[in-house]
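*Asks:* need a 3D model of the following:
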Amino acid sequence: MNQTDNMGNEGQMELIAKTFKGLEQVLARELETIGASNIRTGKRVVAFTGDKRILYKANFCLRTAVRILKPIMQFKAVNADEVYAKVSELNWEDYLSLDTSFAVDATVYSEMFRHSMFVTYRVKDAIADYFTRKYGKRPSVKLSNPDIYLNIHISDDECTLSLDSSGESLHKRGYRQGSVKAPINEVLAAGMIMMTGWDGDCDFVDPMCGSGTIPIEAALIARNIAPGVFRQHYAFERWADFDAGLFEEIFNDDSQERDFEHKIYAYDIDPVAIATTRSNIKAAGVSKDIITNIQDIKDFDWQGGKAIMVTNPPYGERLTFKDLGDLYACIGERLKHKFTGNTAWIISSSEEAFDTVGLKSSETIDLYNGALECKFKKYETFSGKYNDYKAVIAAQGGRDDDRRDRERPSWRNDDKEERRGFGNRDRRDERRDDRPRKDFRGDRDDDRRGFGDRGRRDERRDDRPRRDFRGDRDDDRRGFGDRGRRDERRDDRPRRDFRGDRDDDRRGFGDRGRRDERRDDRPRRDFRGDRDDDRRGFGNRDRRDERRGRGNDRERGFGRGGDRKDNGRYDRRKDRDWQDND
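*Replies:* As a prediction, the model looks like this:
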């Protein structure tokens, strides 16, 4: 077990910044800017070293971080009881008192821990029992707005218990007054803009702005306004070693803010969305930088100069494919004819929709919007042929955004293993480590195989008991002329003259025991003598002969007389058995 220094440490400490998949390199660059050291990227996290000032600045200044964690304990465990035992060993007076409240959040990527909530309960129990054993009292658990936030992260058997210095997720900037359906996350929006390399050097356009998240984040980037300026509270403000003077100094430092000489344009076809955008823009204090208007994408006609477009169109979750294809085709047509000479970036989870744009993308970056795997594609618009366009640009020494591209890092190259295409085994193995895979062939075999799939049929026969249909009802399962079966029956029981009585009408097929019981129970009657006239029409010699023929049929192995219908049905089943074995 490795226990880190407590909150009273004034020197360097190990810290972790969590982010979204695909934004790790952007976050690492931000950490360099604020002065962090020993920066290491991982999956959805960036580890770094810093003092208390760096901790405060990371929460206040980072645009692509979701939360900042301070590890206090690292250990190995293979079940929740071992987690309980390890957490109980920590000296909890360094972090909590009987008067403080706390909450625990768990993030689990392990086959050994199937339920993250149970891990949360065991950590909470370990802390509560620690204080109860020593003081007879325990701190209270408060899910909403507690004094101390704790986070436990489990990857396989590696466990890290951390203090959460952020509290609420850092994507909750504090300026959002309203929203529309499926708004893009503020952290993702900022990361997308930073990936383009735009920093306010030209106009910015979002023709489908929704609630205005992308335009607002663009304005904050253009003016270099810290995203944390709108937040009312951070979790570290309730830590025992909180330095109010240091944080006030960081909060009031606006020396890095700058002027923005261009404009940001935000359009949407929905009047409600535009009204929401204007409300959010006002709360963010960037009204003079953003121009809003109600406008359909099909009416988009850029009349300005140099500009960049970043937009988040619908993905098709609530649209038919035809409508979605028409929308993306319209976007491509507007870019080609009304945004010529500029650059557009589009994020979407629909590869089919991208195909309808009708333009060739010059760069593609893999990102995640929530649980949706998305592509962030760059389109360079021009008139004429692409080769002619590139030749002109090269002769002119490159245009402004080409130089900007050379200056910004290549997100795809820095994170190559995250960017490869289908069929890459390394990528597939990485996803297996990241989350459990589902075997879709297991639960719904019947829906997953084609007709005549004998291999699948044999597999199913192995996983459930077989029924021998020929055993209990042999007489109904054999085909015509089955001499072998007839000989078996001759050996099994004596032959009878079926013309003599009508036992077959009074017992089940093959019910020999019932026949013997009736013979012992009452005398036999000669049906031909007493009730012959009732059993057939007068002089009905054909009917009598027919009955004799049915008896002969039985002797020849045609099945039991009197029920040809049953015999036919089971013969068809026999036919199906033959087909299965072909």
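*Asks:* which pLDDT does the model give Thr160?
*Replies:* Looking at Thr160, its pLDDT reads 95.
*Asks:* enumerate every residue touching it.
*Replies:* 71, 73-74, 152-154 (CB atoms under 8 Å, 6 or more residues apart in numbering). Every residue, glycine included, has its C-beta placed from N, CA and C.
*Asks:* make it 6 Å
*Replies:* Taking CB atoms under 6 Å, 6 or more residues apart in numbering, we find Thr160 in contact with 71, 74, 153.
*Asks:* how about these in JSON lines, adding neighbour count and distance to Leu327?
*Replies:* Shown next, in JSON lines, are the contacts of Thr160 (neighbours: other CB atoms under 10 Å; distance: CB to CB, whole Å):
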{"residue": "Pro71", "neighbour count": "19", "distance to Leu327": "46"}
{"residue": "Gln74", "neighbour count": "17", "distance to Leu327": "49"}
{"residue": "His153", "neighbour count": "20", "distance to Leu327": "40"}
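*Asks:* which of these fall within strands?
*Replies:* Cross-referencing these against strands under DSSP state E gives 71, 74, 153.
*Asks:* phi, psi of Ile298?
*Replies:* Ile isn't right for residue 298; it's Lys. phi -70, psi -20 (degrees, to the nearest 10).
*Asks:* what does Cys159 give?
*Replies:* Torsion angles, degrees, to the nearest 10, at Cys159: phi -120, psi 130.
*Asks:* would you confirm that it contacts Ala80?
*Replies:* No. Using CB atoms under 6 Å, Cys159 makes no contact with Ala80, being 10.6 Å away.
*Asks:* more crowded one of those two?
*Replies:* Cys159 (26 against 20; other CB atoms under 10 Å).
*Asks:* may I have the longest helix seen in the chain exported as CSV, CA atoms only?
*Replies:* Using DSSP state H, we find that the single longest helix of the chain is helix 116-135. Below are the C-alpha coordinates for helix 116-135, written out as CSV (Å, rounded to 0.1, in the frame of the first residue of the first chain):
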residue,chain,number,x,y,z
SER,A,116,-19.3,0.2,-8.9
MET,A,117,-22.0,1.2,-6.4
PHE,A,118,-21.1,-1.7,-4.1
VAL,A,119,-17.5,-0.5,-4.1
THR,A,120,-18.8,2.9,-3.1
TYR,A,121,-20.7,1.4,-0.2
ARG,A,122,-17.7,-0.5,1.1
VAL,A,123,-15.4,2.6,1.0
LYS,A,124,-18.1,4.6,2.9
ASP,A,125,-18.5,1.8,5.4
ALA,A,126,-14.7,1.6,6.0
ILE,A,127,-14.5,5.3,6.8
ALA,A,128,-17.6,5.3,9.0
ASP,A,129,-16.5,2.2,10.9
TYR,A,130,-13.0,3.8,11.4
PHE,A,131,-14.4,6.7,13.3
THR,A,132,-17.0,4.6,15.1
ARG,A,133,-14.4,2.3,16.5
LYS,A,134,-12.2,5.2,17.7
TYR,A,135,-14.8,7.8,18.8
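*Asks:* tell me what it is packed against?
*Replies:* Packing partners of helix 116-135 (3 or more CB pairs under 6 Å, 6 or more residues apart in numbering; DSSP states H and E): helix 80-88, strand 101-109.
*Asks:* relative orientation of the first one and strand 101-109 in degrees?
*Replies:* Following axes from the mean of the first three to the mean of the last three CA atoms, to 10 degrees, one obtains 130 degrees for the angle between helix 80-88 and strand 101-109.
*Asks:* what is helix 80-88 packed up against?
*Replies:* Using 3+ CB pairs under 6 Å, 6+ apart: helix 80-88 touches helix 116-135.
*Asks:* tell me where the stretch 301-450 of the chain has strands.
*Replies:* Under the criterion DSSP state E, counting those that start in this stretch, the stretch 301-450 of the chain contains strands at 307-311, 343-348, 363-369, 372-380.
*Asks:* tilt between the second one and strand 363-369?
*Replies:* Read it as strand 343-348. Using the same axes, to 10 degrees, one finds that strand 343-348 and strand 363-369 are set 40 degrees apart in direction.
*Asks:* cheers, nothing more for now.
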